[in-house]
Each structure stands twice: as structure tokens, then as C-alpha cells.
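Enquirer: just need the structure, nothing else, for what follows:
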Amino acid sequence: MPTLGFHCHGLVDFEEAILSNRLQHGEFYNLPEEDFLPIKERVARHGLEVSVHCPLVRLSWYPKPPTWAFLCDVDEAKRELNFRMITDTLERARGLPAGHIVAHFPSPSTTDASGFSAVNMEEIAWRSASRLAELSEKYEVSIHVEGFGPTPLLSVPFLQKVFAGFPSLRYCFDTGHMMLAMQRDGIDMYDFAQGLAPHVGSMHLWNTRHADDYQAFRHIPVHPSQRPEQGWVDIERVLRLVVPENPAVTVIFESGLHYPAALGGHDYRDGVKWVRDLLAGLS
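Expert: Model (predicted):
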């Protein structure tokens, strides 16, 4: 059965997000420096599995927001900065220890790329994928890449080629961002999930109906009341596409602990139970 966990930004939500929901896994991201050692101690005490979303701790020298990724940027200095952040995360993640880390790739170039052809852009991305694979092998930890933002490289054929070339890399399928990509870029997220299912190592679960939802509420907790015919991601369908291909996939709730009052104010824990039951039915 898949491992079920929660994404945490700090110590403050560790108890409720992970322990109170009887989850076996914590995914940690952009922690305050002072939270790192207490979280490491609690992880060991409770015997939790761990993953990390880059960056692991807040970095004063990395641009804000820390979700920015430059691995496909035409600016080499920006790519090097991104690799510095990933390497810092890998070094620190050794101490938890982490089973995998998540890095955003592919992503659009933040630098004007008008003078670069599609072939040039794919070559840049391929070199970055090769370096990610080298880091994965050096640190002996799987790196899961999560496609992020409007880029033609967010495609099944390109990513299948990456995973065929670099077996130490896996894909992190993010339900909310793929819904936004489907509406923004015309990607069918369900075909995308089916095409990459053999390569998916982890999933981020949160929901949205459209860009206005995302602007107003960011990552909305998944909940059984979210009907696909009303525009929500069909969470059950995505799980049915991916989990049978990868029964050991890590499934992470990547949302806050409060459901927006404007959307019904539901108890997010009902969503945790719903997904747990869905996964049990797929085992």
C-alpha cells in the first residue's frame, strides 16, 4: 500500500498534520533553521519516513519565493544557484534521513529565451537532468522532479526520455498544478498521469478549480465533497491511474490544515480519511 504523509513548513504543524492523522511520513520544506533539529528528533522518536521538498531550510541567499526553479533557465548563473540550493538540501537531508527529495523540473526560463530554439532549450534541460541524476547517485537518494509552470518541456515524451536516460530520477505528480497546467496550457492531466504512471515516485495532493481559486486560496485541501463535474480535480481518478502502476508510491497531502470558509469550511481530516480509504481499496 502507498505511504501516506503530510507536507510541513515547520514544527508548528508537525503534531496535527502528521501524528494526529496517524500518518507514517513527513515531507519537509523551507523550514526555519531553528526547527530542523527538533524535527529531526521527532522523526527519529516516532519512526517516521521522510522526504524533502527543496529547499529543506530557509536560505537567505536564494531568491524568493523559494519555489522558483532555474534548472531550465538560459542563464547559467541561475542554474548554478539552483544546483547550489539542491546540493544544500541533499547535504542537510542526510541527517533526517530522507528517502527522496523533490525538485522543480522542468520549469520555464525566467530569463528571456527568445534567441534560443526549442532544441537549445531541450539541451539545457537535458544537461540539468543529467546533473540531477549525478547528485542522486552521489548522495544515494532518489530525486523526484516536479514539473512547474508553463513550459513546452512539461510533456510526456520529453519526461519519458528523461526517465529512460536517468533511472535514478522519478516524477512527482502534483494534482493542483496539473489542473492549472490543463487549463493554462491545454495539457490533459489524466492522459499525462497515465503516460507517466510507471515513472511516478510520489504524488502531491491538493485541489483547485481554476487560477482564481489558486490566487485566493492557494493549496486547497482535498475533500470528498469536491465533485469533478464542478471543476475540481478528480482525485480518485488520478489515484486509480497511478497507484496500480506504483503500489509503493508516496502520497503527500500538500495543503494547509484549514479548508477555506468561503468554499464550505469543511474539515480537512475528512479528506485524509477519504484518501486513506481510496488507497486501501486500490491495494
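Enquirer: and the longest strand that the chain contains, average pLDDT?
Expert: Among all segments of the chain classified by DSSP state E, the strand with the greatest residue count is strand 49-57. Looking at strand 49-57 alone, the average pLDDT works out to 98.
Enquirer: could you do stretch 3-14 as well?
Expert: Per-residue scores along stretch 3-14 average to 95.
Enquirer: what comes up buried for that stretch?
Expert: Going by neighbour count (16 or more other Cβ atoms under 10 Å), the buried part of stretch 3-14 is Thr3, Leu4, Gly5, Phe6, His7, Cys8, His9, Gly10, Leu11, Phe14. The C-beta positions use only the backbone N, C-alpha and C, and glycine is treated the same way.
Enquirer: now stretch 233-243
Expert: For stretch 233-243, using 16+ other Cβ under 10 Å, the buried residues are Val233, Asp234, Ile235, Glu236, Val238, Leu239, Arg240, Leu241, Val242, Val243.
Enquirer: got the angle for the following helix or strand past the longest strand of the chain vs strand 49-57?
Expert: Under the assignment DSSP states H and E, the closest C-terminal helix or strand after strand 49-57 is helix 76-93. On the basis of axes from the mean of the first three to the mean of the last three Cα atoms, to 10 degrees, helix 76-93 is oriented at 130 degrees to strand 49-57.
Enquirer: and the longest helix seen in the chain, what's buried?
Expert: If each helix of the chain is counted by residues according to DSSP state H, the longest one is helix 118-139. Neighbour counts over helix 118-139 (16+ other Cβ under 10 Å) mark Met121, Glu122, Ile124, Ala125, Trp126, Ser128, Ala129, Leu132, Ala133, Leu135, Ser136, Tyr139 as buried.
Enquirer: chain center to it: distance?
Expert: On the basis of Cα atoms, centre = their mean, to the nearest Å, helix 118-139 sits 18 Å off its chain's mean C-alpha point.
Enquirer: now do it against helix 76-93, angle only.
Expert: Taking the same axes, to 10 degrees, one finds helix 118-139 and helix 76-93 inclined to each other by 20 degrees.
Enquirer: which neighbouring elements make contact with helix 118-139?
Expert: Packed against helix 118-139 by the contact rule (3 or more Cβ pairs under 8 Å, 6 or more residues apart in numbering; DSSP states H and E) you find helix 76-93, strand 142-146, helix 156-165, strand 169-174.
Enquirer: if we can go back for a sec, how far off centre is the longest strand of the chain?
Expert: Going by Cα atoms, centre = their mean, where strand 49-57 is centred and where its chain is centred differ by 10 Å.
Enquirer: please apply the same query to stretch 272-280.
Expert: Relative to the mean C-alpha coordinate of its chain, stretch 272-280 is positioned 19 Å out (Cα atoms, centre = their mean).
Enquirer: stretch 103-116 now?
Expert: Averaging C-alpha positions (Cα atoms, centre = their mean) puts stretch 103-116 19 Å from its chain's average.
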